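Visitor: Need the 3D shape of this:
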Amino acid sequence: MFNLKALQKNKTVRYGIPMMLLVVGGSFGLKEFTQIRYDAQRHRKRLDPELEAQVDVQRQTNMLEEQYEKIKQANLEDWKNIRGPRPWEDSREYQEQQRSRQNKKD
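Guide: Now for the predicted structure:
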């Protein structure tokens, strides 16, 4: 028969085995909790497939048409590349300088 006192004094039995149980058991427990989270998200986002297809097609066509109209209305002939202020520069002062330069050129 095992000597119970010797087993209780053994550091591996006293600290190692509970630690291993905590680590291994914790990973299985966390897996279950995270799986519940992802299942709930999947369930919440689920739409009727026909409705989802209609929404996707409508989104794409609207986005393309809007972008086309914006590009069509943009005047690209008079476009100028203007540098923004550096972090150490005062933005209002820099804007005034840019405006005065632009007024002098016009």
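Visitor: Now for this structure, the helix or strand with the poorest mean pLDDT.
Guide: The weakest-scoring helix or strand in the chain, judged by mean pLDDT, DSSP states H and E, is helix 49-73 (a mean of 76).
Visitor: Would you pull up how far that one lies from the middle of the chain?
Guide: 24 Å (C-alpha atoms, centre = their mean, to the nearest Å).
Visitor: Okay, buried residues for the helix or strand just after it please.
Guide: As assigned by DSSP states H and E, the chain's next helix or strand after helix 49-73 is helix 91-105. For helix 91-105, a neighbour-count test (16 or more other C-beta atoms under 10 Å) marks nothing as buried. Where you see a C-beta, it was placed from the backbone N, CA and C, and this is true even at glycine.
Visitor: sorry, back to before: what packs against the least confident helix or strand of the chain?
Guide: Using 3 or more C-beta pairs under 8 Å, 6 or more residues apart in numbering; DSSP states H and E as the contact definition, helix 49-73 packs against no other helix or strand.
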